[in-house]
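**Q** Let's see this in three dimensions:
(one chain, ligands or ions: 2)
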Amino acid sequence: MTTFKSTHHTARKMVIKLGGSTLEGLNEAFFRNFKALQEQGIQLIITHGGGPAINRELAAAGIESHTVNGLRVTSKEMIGIVQSTLIGKVNPSLVHELHSANISAIGLNGFDDGLLESEFLNYETYAYVGEVKHVNINMLNTLTEAGIVPVVACIGATKDGQALNINGDTVASEIALAFGADCLLLVTDVAGIRIKDEYQTEVTPRLIEQWINDGHIYGGMIPKVQGALNCLKAGIPSVQIVNETLTGTTILSEELVK
Ligand SMILES: Nc1ncnc2c1ncn2[C@@H]1O[C@H](COP(=O)(O)OP(=O)(O)O)[C@@H](O)[C@H]1O
Ligand SMILES: CC(=O)N[C@@H](CCC(=O)OP(=O)(O)O)C(=O)O
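**A** Ligands and ions are numbered 1, 2, ... in the order given. A predicted model of the protein is given here:
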């Protein structure tokens, strides 16, 4: 039994972002629901993070890291580890899981066909963290039209070929915008936004701003909701923060709230 919201049924193009917290052992419900979306003829792109895997690799190298506004400050020594973890480990193991579930998938990152042309976000504050300047969507269109699911790791590339660390939620929203997705699902380890122990089914940008200011939304949830708000502003009708069963919080533009 699926529990999709009605917006899923009307979607034609969808981006699904898998958070690092969910990547280590996706459950059977996820693959079942994913295939149900494919069977509805929806063109799908997967993007992913990998925060926990990066933490493990950094710890093994004896490197400590910290975040500012939910973004990992990434030193020169760290960017190589982030790049090799996301592109060399997390991405192929996710592609393998999809393949094992009979889903045709191909692994990509920001370097491939100039997919995520990026620049330093703010070197003084974040060092090797990027912001996406241009998404070369052509390859993703070609693959999705052929029924192949692109699986994109959140590594950007500068014009000079420098890898930059980009938050997975940010990459998901940039790709959703470039793809013209009508739905963005941010899959994480919680069933949506929780405020005072209560999961919210529908929220508005105004409430989100208030909750960030008073600390009810913090850490990794901040780039998630910010990416969601950017997508809504740019006209993507449905952005949802969901768990592996694809149920959670829908973020609505103010004017859509009755
Ligand atoms: N209001 C909130 N509701 C739910 N989770 C929140 C909230 N504020 C912060 N969080 C935290 O955000 C986490 C999800 O973000 P993150 O760990 O970055 O996930 P992912 O790896 O899936 O991107 C949750 O596990 C929770 O600890
Ligand atoms: C700049 C920045 O913060 N990059 C993230 C990239 C991985 C990510 O986003 O992983 P999740 O989806 O698990 O959060 C990081 O280094 O953790």
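**Q** so, in contact with ligand 1 or not, the helix or strand where residue 92 lies?
**A** Using DSSP states H and E, residue 92 sits in helix 91-100. No - residues of helix 91-100 contacting ligand 1 under CB under 6 Å from any ligand atom: none, with a closest distance of 13.3 Å. Backbone N, C-alpha and C define where each C-beta goes, glycine included.
**Q** Which elements pack onto that helix?
**A** Counting contacts by 3 or more CB pairs under 8 Å, 6 or more residues apart in numbering; DSSP states H and E, helix 91-100 is packed against strand 43-48, strand 105-108, strand 149-153.
**Q** Show residues contacting stretch 227-243.
**A** Contacts to stretch 227-243, defined as CB atoms under 8 Å, 6 or more residues apart in numbering, come from residues 5, 7, 11, 22, 167, 169-170, 172-173, 176-177, 181-193, 205, 208, 224-225, 246, 248-253.
**Q** How about the residues of the stretch 51-200 of the chain by ligand 2?
**A** So the stretch 51-200 of the chain meets ligand 2 at 51, 54, 71, 72, 82, 129, 154, 165, 166, 167, 168 (CB under 6 Å from any ligand atom).
**Q** you'd agree the fifth one is in a strand?
**A** Just to be clear, that refers to residue 82. No - read with DSSP: H, G, I helix; E, B strand; the rest coil, residue 82 is helix and lies in no strand.
**Q** Touching, it and residue 165? I think so.
**A** Yes - between residue 82 and residue 165 there is a contact under CB atoms under 8 Å: 4.8 Å.
**Q** Which residues are in contact with each of the two?
**A** Shared contacts of residue 82 and residue 165, defined by CB under 8 Å, 6+ apart, are found at 72, 74, 128, 155.
**Q** ok, these vs residue 26, which is closest?
**A** Checking the shared contacts of residue 82 and residue 165 against residue 26 by CB to CB gives residue 155 as the nearest, at 21.0 Å.
**Q** Around the closest one, how many other residues sit close by?
**A** Neighbour count for residue 155, taken as other CB atoms under 10 Å: 28.
**Q** Read off the pLDDT value for it.
**A** What the model reports for residue 155 is a pLDDT of 98.
**Q** Likewise for the one 10 residues further on?
**A** We have a pLDDT of 98 for residue 165.
**Q** Would you quantify the distance from the closest residue in space to it that isn't next to it in sequence to residue 137?
**A** Distances taken as CB to CB, 6 or more residues apart in numbering put residue 74 closest to residue 165, at 4.4 Å, once the chain neighbours are dropped. Separation of residue 74 from residue 137 (CB to CB, to the nearest Å): 26 Å.
**Q** Compare these two (neighbour count), which wins?
**A** Applying other CB under 10 Å to residue 74 and residue 137 shows that residue 74 carries more neighbours, namely 24 against 17.
**Q** quick one: pLDDT of that one?
**A** We have a pLDDT of 98 for residue 74.
**Q** quick one, strands of the stretch 51-200 of the chain?
**A** Ranges of strands within the stretch 51-200 of the chain are 67-68, 71-72, 105-108, 116-120, 130-135, 149-153, 155-157, 163-165, 183-187, 194-195, 198-199, based on DSSP state E, counting those that start in this stretch.
**Q** Rebuild those as TSV, extending it with distance to residue 234.
**A** TSV is the format used below for those (distance: least, CB to CB, whole Å):
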stretch	distance to residue 234
strand 67-68	25
strand 71-72	21
strand 105-108	22
strand 116-120	17
strand 130-135	12
strand 149-153	19
strand 155-157	19
strand 163-165	22
strand 183-187	11
strand 194-195	25
strand 198-199	26
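**Q** Great, nothing more from me.
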